[in-house]
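Asker: Using only what follows, build the 3D model:
(one chain, ligands or ions: 2)
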Amino acid sequence: MREVIAKAGRVVVKVGSSSLTTPSGGLDGSRLVALVDALARVRAAGREVVLVSSGAIAAGLAPLNMPTRPRDLARQQAAASVGQGLLVAHYSTAFASHGLKVGQVLLTVDDVTRRSHYRNAYRTLHKLLSLDVVPVVNENDTVATQEIRFGDNDRLAALVAQLVHADALVLLSDVDGLYDGDPRRPETTRVPEVNDPAELDAFKIGGTGRSGLGSGGMQTKVEAAAIATGSGIEVVLTSAGEAAEALRGEDVGTWFHSRARRRSTRLLWLEHVADAAGRLHLDPGAVRAVVERRKSLLPAGIISVDGTFTAGDPVDMVDEGERVVARGLVNYDAAELPALLGRSTRELARELGAEYEREVVHRDDLVVLHHR
Ligand SMILES: Nc1ncnc2c1ncn2[C@@H]1O[C@H](COP(=O)(O)OP(=O)(O)O)[C@@H](O)[C@H]1O
Ligand SMILES: N[C@@H](CCC(=O)OP(=O)(O)O)C(=O)O
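Answerer: Ligands and ions are numbered 1, 2, ... in the order given. Next comes the predicted model:
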């Protein structure tokens, strides 16, 4: 019995395309209804649920007479546009039969990587939960181009779990857990628990299964599990048919134990999601101060600066071997910094005024990425 899963008050459940569709590619209404029944029971127990559902492209194939998942982006987007509406219509009806409302949330990579958008997505999801609505999240496939797509929804689900500060993430697929090799081979067995991502090195983790409708395969699920467990979120990976058992904390699928304490949303965003707008090259003394003594970064310890950032942007701090040792929100524009480098704060304050006494990156706005 997995008490922490059974008691998780806020759960993100992600369901893959392969679990919602028939072998010929249409939406499988009965599987969708079975999943909604399981989620409604969780809601009835007073627990909150965010559903991340794939299946828009798969659901749009039959109405558009597309025999298989198209390879080109334009046709995928067209299928997603038709399919997403059908998918949400099904969810609305199925949840309504339990007296529950759903709210569609379509996210792009930008929504969870740019800080202003991230805050927006955070607020919307929290408001929906406080109004007792079940958010149904998917990637906004119709506007996302190849370069800015997640492609699979596993990583999106892990980021959403961080965003809403979920206690648990349940990944539902067409396979009932992580196997130590290709699950279609008879000699492979299910892995019941993973305590540390390093254990995964012993397994053969491959691509998508026989359905051909999913996109990331097991690899992206394992990556999603690593992101979530690294932020203090428990993860269970199993088949959609075992959703109810997994949510009750029964020993099904694979349980990835969380490995960290909870962090603030802002620091999680900095560590896992933010795209650095520039780089600060630190001298060895500054690396020690930031990494070991958890101090703020001062101009005196910076050798040089790359990038065109403005104050408030995320920047990487790198050591002399170009290794990123920390990431933080910078307090100066890139253009201001060269004149300050290597100089003491006292000297700068005397010469330029008290506002130049501020740290380049304050320790409250900083996450250390590599411990020595
Ligand atoms: N080590 C492994 N353990 C379990 N499944 C694996 C493994 N390696 C590859 N797979 C494949 O990953 C598939 C699930 O991924 P995918 O098709 O993308 O599903 P979804 O649509 O649910 O995201 C399984 O059907 C399975 O064949
Ligand atoms: N956003 C896409 C999801 C892509 C996809 O196939 O994801 P998954 O089945 O989770 O591997 C859709 O709704 O079709």
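Asker: got a list of what Arg149 touches?
Answerer: Contacts for Arg149 were tallied using CB atoms under 8 Å, 6 or more residues apart in numbering; they are 109, 139, 141. (Glycine included, C-beta is placed from N, CA and C.)
Asker: Identify all contacting residues around stretch 94-108.
Answerer: In this structure, residues lying in contact with stretch 94-108 by CB under 8 Å, 6+ apart are 32-33, 36-37, 39-40, 43-44, 51, 84, 88, 91-92, 121, 124-125, 128, 132-140, 143-144, 148, 156, 160.
Asker: And the pLDDT for Arg210?
Answerer: The pLDDT attached to Arg210 in the predicted structure is 49.
Asker: how about Asp111, secondary structure?
Answerer: On the three-state scheme (DSSP: H, G, I helix; E, B strand; the rest coil), Asp111 is labelled helix.
Asker: in the stretch 251-372 of the chain, what residue is nearest ligand 1?
Answerer: Thr254 (8.5 Å; CB to the nearest ligand atom).
Asker: Verify the contact between that residue and Val191 for me.
Answerer: Yes: counting by CB atoms under 8 Å, Val191 is a contact partner of Thr254 at 5.2 Å.
Asker: neighbour-wise, which of these two wins?
Answerer: Per other CB atoms under 10 Å, whichever of Thr254 and Val191 has more neighbours is Thr254, with 22 against 19.
Asker: how about that one, what does it touch?
Answerer: 177-178, 190-194, 236-238.
Asker: And for Ala349?
Answerer: Per CB under 8 Å, 6+ apart, neighbours of Ala349: 356-357.
Asker: Make sure it is indeed in a helix.
Answerer: Yes: membership of Ala349 in a helix is supported by three-state DSSP.
Asker: Show me the helices in the stretch 151-300 of the chain, by range?
Answerer: For the stretch 151-300 of the chain, the helices defined by DSSP state H, counting those that start in this stretch occupy 154-163, 217-229, 243-247, 265-268, 284-291.
Asker: CA atoms of the first one as CSV?
Answerer: Taking Å, rounded to 0.1, in the frame of the first residue of the first chain, the C-alpha atoms of helix 154-163 are listed here in CSV:
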residue,chain,number,x,y,z
ASP,A,154,4.7,13.5,-20.5
ARG,A,155,7.1,16.5,-19.9
LEU,A,156,4.2,18.9,-20.0
ALA,A,157,2.4,16.9,-17.3
ALA,A,158,5.5,17.0,-15.1
LEU,A,159,5.7,20.8,-15.5
VAL,A,160,2.0,21.2,-14.8
ALA,A,161,2.5,19.0,-11.7
GLN,A,162,5.2,21.5,-10.5
LEU,A,163,3.0,24.4,-11.5
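Asker: Residue numbering should commence at 43 henceforth.
Answerer: Okay, residue one is now 43; in that scheme the one you just asked about reads as helix 196-205.
Asker: Now that helix: average pLDDT?
Answerer: Mean pLDDT, taken over the full extent of helix 196-205, equals 91.
Asker: Would you mind pulling up the elements that that helix packs against?
Answerer: Other elements packing on helix 196-205 under the criterion 3 or more CB pairs under 8 Å, 6 or more residues apart in numbering; DSSP states H and E are strand 52-57, strand 90-95, helix 151-155, helix 157-172, strand 175-181, strand 210-215, helix 259-271, helix 307-310.
Asker: Turn those into JSON lines, including mean pLDDT, distance to Ala104 and mean neighbour count.
Answerer: Formatted as JSON lines, the entries for the helices and strands packed on helix 196-205 read as follows, by pLDDT from 0 to 100; distance: least, CB to CB, whole Å; neighbours: other CB atoms under 10 Å:
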{"stretch": "strand 52-57", "mean pLDDT": "98", "distance to Ala104": "19", "mean neighbour count": "25"}
{"stretch": "strand 90-95", "mean pLDDT": "98", "distance to Ala104": "18", "mean neighbour count": "25"}
{"stretch": "helix 151-155", "mean pLDDT": "76", "distance to Ala104": "28", "mean neighbour count": "19"}
{"stretch": "helix 157-172", "mean pLDDT": "85", "distance to Ala104": "30", "mean neighbour count": "16"}
{"stretch": "strand 175-181", "mean pLDDT": "97", "distance to Ala104": "18", "mean neighbour count": "22"}
{"stretch": "strand 210-215", "mean pLDDT": "97", "distance to Ala104": "22", "mean neighbour count": "29"}
{"stretch": "helix 259-271", "mean pLDDT": "90", "distance to Ala104": "24", "mean neighbour count": "23"}
{"stretch": "helix 307-310", "mean pLDDT": "74", "distance to Ala104": "39", "mean neighbour count": "18"}
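Asker: Tell me which of the ones you listed lies nearest to ligand 2.
Answerer: Of all these, it is strand 175-181 that lies closest to ligand 2, at 4.1 Å by CB to the nearest ligand atom.
Asker: okay, Pro225: pLDDT?
Answerer: What the model reports for Pro225 is a pLDDT of 88.
Asker: Over to Ala240?
Answerer: 86.
Asker: What separation do you get for it and ligand 1?
Answerer: Ala240 sits 16 Å away from ligand 1, going by CB to the nearest ligand atom, to the nearest Å.
Asker: Which residues are in contact with that residue?
Answerer: Under the criterion of CB under 8 Å, 6+ apart, Ala240 has no neighbours.
Asker: picking that back up, keep only the contacts of stretch 136-150 that also lie close to ligand 2.
Answerer: When the contacts of stretch 136-150 are filtered against ligand 2 using CB under 6 Å from any ligand atom, the residues retained are 180-181.
Asker: follow-up on the earlier one: need the overlap of contacts for Thr296 and Val233.
Answerer: 219-220.
Asker: residue in the stretch 293-414 of the chain nearest to ligand 2?
Answerer: For the stretch 293-414 of the chain, CB to the nearest ligand atom, closest residue to ligand 2: Gly295, 15.9 Å.
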